[in-house]
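# give me the fold of what follows.
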Amino acid sequence: MKKFCLSLLLLTVTLFAGAQKLERVSPASVGLDASRLANVDVVIQKAVENKEIPGAVLAVVRHGKMAWIKAYGNKQVYPTDKKMSVNTVFDMASCSKAMSTAICAMILIERGQLRLMDRVNFYIPGFENWEDKEGNKSIRIVDLMTHTSGLPPYAPVDSLKEKYGSPNPDGVIEYISHCKRYFEPETDFQYSCLNYITLQRVIENISGEKLNVFAKNNIFKMLGMRHTDYCPTGRLKRHCAPTQKQPDGSVLKGVVHDPLARTMNGGVSGNAGVFSTADDIAVLVAALQNGGEWGGHRILSPLGVKAMRTVPRCVDSFGRTLGWDLFSPYSSNNGDLFGPNTYGHTGYTGTSIVIDPDSDTSVILLTNRVHPNDSGSTIRLRSLVSNVVAASIIPMINKN
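Sure thing, here's the model as predicted:
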């Protein structure tokens, strides 16, 4: 038994040691005032004490280096307490849209297999466009990526389950293909999980691979993100932070929280489903800040990265880029002090990524605020943390 436990421990250590991690440095070495940055401790601890979150992991990346990574509070408070660790694996929820689905789409664009102005029904036969008494207008890939397609925000999971059975990704796509369009494409903004589930099907039809396979081979493996995946199993699942308590008293752990992703798409979904750690996400943001390459492995071109953080001209008043959020009503996680080109994304479970390309500073705040009863809140916390990090940036002194 002792030999088995030792082997298990060694395997666990190997799992986490084998992944690519950013160099850990002092805040001062990358132009951050450590005493000012330490104010995040008070902000996050207060959120824990007020039961807004059970715990959190905060990572701050600057100039491609990890300037701060720290765990706070608990990762589990039901049925027993378990301390949070920087190695905790989180349900990234809607951050999956940005860190997986959108990047997969951009990879296909760079390969010449997809175009932003392509009609969705070019890849999904029968997918209906916008139509009214004055005519119709095609829904295009750019509309999906910027949430300007007019598709509804969500879908009736219970009705879909009753009609199609579950899981049934084909049933979801059939529903999306014919459901009511709320407005003419590119005339309004409505955040919609259905946009990214549709984009998932486009990616799969072009690549011939399931989204999780394509993302793993072209993003996660390429960057050494060994603790990032859909539908985690084994050791990875055991390190997951639990999310919401279920009617039978169990809690979701290593199973995606989002109902559409979990019930109808079997855990692999364009709108949610990625699980990851602060260290892995730090590598991803470092690659984006480095023109799409890290550790000698390129996932995107510099112009592809620039396009992903730029609001397309056809929808420039709505603030959404090709997968990320620049200044829409959902962008409060960016805070008040970072520059005007700052972009990011949030997840319903309590996750957040913020990237300021001008100061080359990224903030990764991971919580499981839905644990155990979906009563926590991180909206204000995200802004407060971003403000503290931004305020800690100081001029670098040239000693030469």
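# excluding its backbone neighbours, what's nearest Leu365?
Sequence neighbours aside, Ser352 is the residue nearest to Leu365 in space, at 4.6 Å (criterion: CB to CB, 6 or more residues apart in numbering). In short, each C-beta sits where N, CA and C put it, glycine included.
# element containing the one you found, please.
Ser352 belongs to strand 351-356 when assigned by DSSP states H and E.
# also Val370?
Here Val370 is assigned to no helix or strand, by DSSP H and E.
# that one touches Pro242, doesn't it?
No - using CB atoms under 8 Å, Val370 makes no contact with Pro242, being 9.3 Å away.
# what average pLDDT does the lengthiest strand in the chain get?
As assigned by DSSP state E, the longest strand anywhere in the chain is strand 65-76. Confidence over strand 65-76 (mean pLDDT, whole number) is 98.
# ok, the most centrally placed residue in the chain to Ser26 distance?
What sits nearest the mean C-alpha location of the chain, by CA atoms, centre = their mean, is Cys95, with 1.7 Å. Cys95 sits 28 Å away from Ser26, going by CB to CB, to the nearest Å.
# circling back to that earlier point, mind listing the residues bridging to the residue nearest to Leu365?
Following DSSP bridges, Ser352 is listed with bridge partners Thr346, Leu365.
# relative to Phe127, how far out is it?
Using CB to CB, one gets 32 Å for the distance from Ser352 to Phe127.
# and if you look at His239?
Distance, His239 to Phe127, using CB to CB: 39 Å.
# for Thr361, same thing?
According to CB to CB, Thr361 and Phe127 sit 40 Å apart.
# before we move on, what about Ala286?
Taking CB to CB, one finds Ala286 at 37 Å from Phe127.
# between those two, who's got more neighbours?
Between Ala286 and Phe127, counted using other CB atoms under 10 Å, Ala286 has the larger neighbour count: 25 against 20.
# which strand or helix spans the more buried one?
Going by DSSP H and E, Ala286 is part of helix 278-289.
# what packs against that helix?
Applying 3 or more CB pairs under 8 Å, 6 or more residues apart in numbering; DSSP states H and E, we find helix 278-289 packed against strand 55-62, strand 65-76, strand 293-294, strand 351-356, strand 361-367.
# buried stuff in it?
Neighbour counts over helix 278-289 (16 or more other CB atoms under 10 Å) mark 278-289 as buried.
# okay, now the unreliable bits of the stretch 301-400 of the chain?
396-400 (pLDDT under 70).
# can you pull out the helices in it?
For the stretch 301-400 of the chain, the helices defined by DSSP state H, counting those that start in this stretch occupy 302-308, 379-391.
# you'd agree the residue nearest to Leu365 is up against Ser332?
No - contact criterion CB under 8 Å: Ser352 and Ser332 do not qualify, at 9.9 Å.
# who's more crowded, those two?
Set side by side, Ser352 and Ser332 show more neighbours around Ser352, with 27 against 17, by other CB under 10 Å.
# spit out the contact partners of the more buried one.
Ser352 sits next to 95, 333, 344-346, 363-366, 378, 382 when contact means CB atoms under 8 Å, 6 or more residues apart in numbering.
# distance check, it against Thr367.
Per CB to CB, Ser352 is found 8 Å from Thr367.
# what does Glu174 give?
Remark: distance between Glu174 and Thr367 (CB to CB) = 35 Å.
# and those two? Which one has more around it.
The residue with more neighbours, out of Glu174 and Thr367, is Thr367; 32 against 17, by other CB under 10 Å.
# just give the nearest non-adjacent residue to Pro153, would you?
Of all residues not flanking Pro153 in the chain, Ser192 sits nearest, at 4.9 Å (CB to CB, 6+ apart).
# could you report the pLDDT at the one you found?
pLDDT for Ser192: 98.
# and for it, the neighbour number?
Other residues near Ser192 number 22, with proximity taken as other CB under 10 Å.
# and Ile379, by the same measure?
Per other CB under 10 Å, the neighbour tally for Ile379 reads 14.
# and if you look at Glu131?
Counted with other CB under 10 Å, residues neighbouring Glu131 total 11.
# A strand includes it, no?
Yes - counting by DSSP: H, G, I helix; E, B strand; the rest coil, Glu131 falls inside a strand.
# how about the contacts made by it?
Neighbouring residues of Glu131 by CB under 8 Å, 6+ apart: 137, 181.
# next one: Cys314
Cys314 neighbours (CB under 8 Å, 6+ apart): 142, 186.
# check which helix or strand covers Ser159.
Applying DSSP H and E, one finds Ser159 within helix 157-164.
# quick check: buried residues in that helix?
In helix 157-164, counting by 16+ other CB under 10 Å, buried: 157, 160-161, 164.
# which SSE is immediately downstream of that helix?
Downstream of helix 157-164, the first helix or strand assigned by DSSP H and E is helix 169-178.
# what residues sit buried inside that next one?
Those would be 169, 171-177, for helix 169-178 by 16+ other CB under 10 Å.
# which sections of the stretch 1-150 of the chain are below the confidence cut-off?
For the stretch 1-150 of the chain, the ranges with pLDDT under 70 are 1-19.
# tell me which stretches of it form strands.
Using DSSP state E, counting those that start in this stretch, the strands of the stretch 1-150 of the chain run over residues 55-62, 65-76, 82-83, 90-91, 130-132, 135-137.
# ok, which of the ones you listed comes nearest Asn387?
Between Asn387 and these, the tightest spacing by CB to CB is seen for strand 55-62, at 12.8 Å.
# tell me how far that closest one lies from the chain's centre.
In this view, strand 55-62 has its centroid 14 Å away from the chain centroid, taken as CA atoms, centre = their mean, to the nearest Å.
# quick one: list the elements packing against it.
helix 39-49, strand 65-76, helix 278-289, strand 361-367.
# and for the third one, what's in contact with it?
The contact list for helix 278-289 (CB under 8 Å, 6+ apart) reads 19-22, 57-59, 61, 64, 66, 69, 86-87, 99, 219-220, 223-228, 293-295, 299-300, 305, 308-309, 353, 355, 357, 360, 362, 364, 366.
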